[in-house]
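# Got a predicted model here, sequence first, then my questions.
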Amino acid sequence: MVVSKTRSAQKLELIPTNEGGRSFASPPKGLQTAITPNELFYIRNHWKGAPEIAMASYRLAVDGEVDLPLHLTYEEIRAMPARRFQVTFECCGNGPVPEYWAKQTRSVMEKVSGHGIMGNAEWAGVSLAQVLDKAGLKPSAVSVVFTGADHGPDEVVGDPSEVTYERSLPVEKAMHPDTLLAYEMNGEELPPLHGYPLRLVVPGWYGMCSVKWLVGIHVLDHEFDGFYQTERYRVMNGPDADTFYTYLTRMKVKSIITGPSIGEAIPTGTYVVAGAAWSGEDDVVKVDVSTDGGKTWGQAHLLPRAGYSWYRWEYPWEVLSAGGYVLMSRATNARGETQPMEFPNKWDGLGYGNNMVFAHAVEVRDA
Ligand SMILES: Nc1nc2c(c(=O)[nH]1)N[C@H]1C(S)=C(S)[C@@H](COP(=O)(O)O)O[C@H]1N2
Ligand SMILES: [Mo]
C-alpha cells in the first residue's frame, strides 16, 4: 500500500483523531456551512493514506449471484447516466465521549466539539441498481458485498493477519435508485483520501457502509460475515434483550449546534443560534433548543433539506445578561423518535451510535 502524497495539503485544517494518521475530524467551521468543503470533510480510514490504484488496469468486478459477471472500466462507469445530490455522512463513532473513554481520546474529541466526524457534500455517480441490473441479480441474491482496495492488520486487534475493508448491504438497499457508485464530491473528482476513483454512497446510513476505493461487488446467496461487517459497527444490547448485538445501519435522529462554537464568547443582545439535524432517510420534524441546560425549550426554525442532506436550523436567542450558558438541541423525526438525554449504548463502552442531547457551553459577554 502506498501513501498518497497528492492531497497532503488536505489534512492541514483537519484535526487528527488517532495517532496512526488514519483519521481526521472536521474543524467546527467545516460544519457551519450547508456544504462541507472537500478540504474540511472528515477522513476515516482504517489504514494510513489511500491505496494506489493503477487506472490503466482498473476494473470494477461485479460477480457472484448474477447472470452476467461484469468488469467495468472507469470510462464505462462514467459514460452511464449520472445522478447528483447531497448526502450527509456521519461516522457512527461521532459523538460526545463517555467518561470512561481514554483521556487522550477525550481531549481530541473536545477539540472537535465531539461532532467533527461528519459532513455534508454533493455526490455524483451512477445508480448502483443500474449496474446490478446490467449484471442481472439471480433470485438467490441475499446480500451484496463491496470490496475496497485497502487492507492490512486491523488497527485495534493489531493481528498481523490481513483484513480487507469490505461491507455488505441487503439487496433492498443496494437496489435503491439513490444508492450510488460515486466518482465526484462537490463537483470535483473524488479526492484520493475519499475513495478515488470510485466509492459507494449509501444515503441515510452511517459512514462505514459507504466503501471507498471500490474494486469489487460480489453478490452472495447468504448474509456476509466479514470482519468489518460482524466484528465492528455494532452495539451491545442490554441484559434483557433477545439478541446480543444491534448492527448499525441508518443514522439515528440527531442534531448539533454549529454556532456559536463550543466555548465561544458572544455579546449580549440577539444571537441566532444555528445548527444541523438529520435522521437517516427520515424527515426531521422539529428541533427544540434550550439555552438553560435543558430546563426550558423553544422550537428552532427548520430550513428545508436538499436531497439526503442535513436540515439546517436557526434559533434567535435574546440574551441580556453576561455569564456562562449551556445550550442544547434535541431533534425529533417523522417516526416520533427523539434524541435521548443520556448516552444510549452504555453496554459495550465503544460509544458507537451516540445521538444523545449534548451540552454546549458558551460564554456571553457584555456588548
Ligand atoms: N475502503 C474503505 N472504505 C471506507 C473506510 C475505509 O477505511 N476503507 N472507512 C469507512 C468509514 S468508517 C467511514 S465513516 C467513511 C468515511 O468516509 P470519508 O473518509 O470519505 O469521510 O468511509 C467508510 N468507507
Ligand atoms: Mo466510520
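Here it is on my side, so go on. Ligands and ions are numbered 1, 2, ... in the order given.

# Isn't Ser143 up against Asp225?
No. Checked against C-beta atoms under 8 Å, the pair Ser143 and Asp225 is beyond contact range at 9.8 Å. Bear in mind the C-beta positions are built from the backbone N, C-alpha and C, glycine included.

# For these two, indicate the residue with more neighbours.
For Ser143 versus Asp225, neighbours defined as other C-beta atoms under 10 Å are more numerous around Ser143 (21 against 11).

# mind checking how far the more buried one is from ligand 2?
20 Å (C-beta to the ion, to the nearest Å).

# Run a quick neighbour tally on Thr268.
Thr268 has 15 nearby residues by other C-beta under 10 Å.

# okay but it is in contact with Gly323, surely?
No. In this structure Thr268 lies outside contact range of Gly323 using C-beta under 8 Å: 9.6 Å.

# Which residues are in contact with each of the two?
Shared contacts of Thr268 and Gly323 (C-beta atoms under 8 Å, 6 or more residues apart in numbering): Val364.

# Gly323 - nearest residue in space that isn't next to it in sequence?
Val364 (6.0 Å; C-beta to C-beta, 6 or more residues apart in numbering).

# what are the phi and psi angles of the one you found?
Torsion angles at Val364 (phi, psi; degrees, to the nearest 10) stand at phi -110, psi 130.

# And the pLDDT for whichever residue of the stretch 151-300 of the chain sits closest to ligand 1?
Closest residue of the stretch 151-300 of the chain to ligand 1, C-beta to the nearest ligand atom: Gly207 (2.5 Å). According to the prediction, Gly207 has pLDDT 98.

# Could you do Pro160 as well?
pLDDT, Pro160: 67.

# Equivalent analysis for Asp242, please.
86.

# now do Gly20
79.

# Ok, Gln104 next?
56.

# ok, now Gly49?
At Gly49, pLDDT is 93.

# Give me the distance between it and ligand 1.
11 Å (C-beta to the nearest ligand atom, to the nearest Å).

# Name the SS class of that residue, please.
Per DSSP: H, G, I helix; E, B strand; the rest coil, the local secondary structure of Gly49 is coil.

# Phi, psi for it please.
According to degrees, to the nearest 10, Gly49 has phi 80, psi -170.

# now the helices: where do they sit in the stretch 201-350 of the chain?
227-230 (DSSP state H, counting those that start in this stretch).

# Enumerate the residues of it near ligand 1.
By the rule C-beta under 6 Å from any ligand atom, the part of the stretch 201-350 of the chain lying against ligand 1 is Gly207, Met208, Ser210, Val211, Lys212, Trp213.

# quick one: contacts for the fifth one?
With contact taken as C-beta under 8 Å, 6+ apart, Lys212 is in contact with Asn45, Gly148, Asp150, Tyr165, His194, Gly195, Arg199, Leu200.

# what does stretch 274-282 contact?
Residues contacting stretch 274-282 (C-beta under 8 Å, 6+ apart): 31-32, 88, 90, 120, 203-205, 250-259, 284, 287, 300, 302, 305, 308-315, 329, 331, 333-335, 337.

# Tell me how far it lies from the chain's centre.
Put simply, stretch 274-282 sits 12 Å off its chain's centre (C-alpha atoms, centre = their mean, to the nearest Å).
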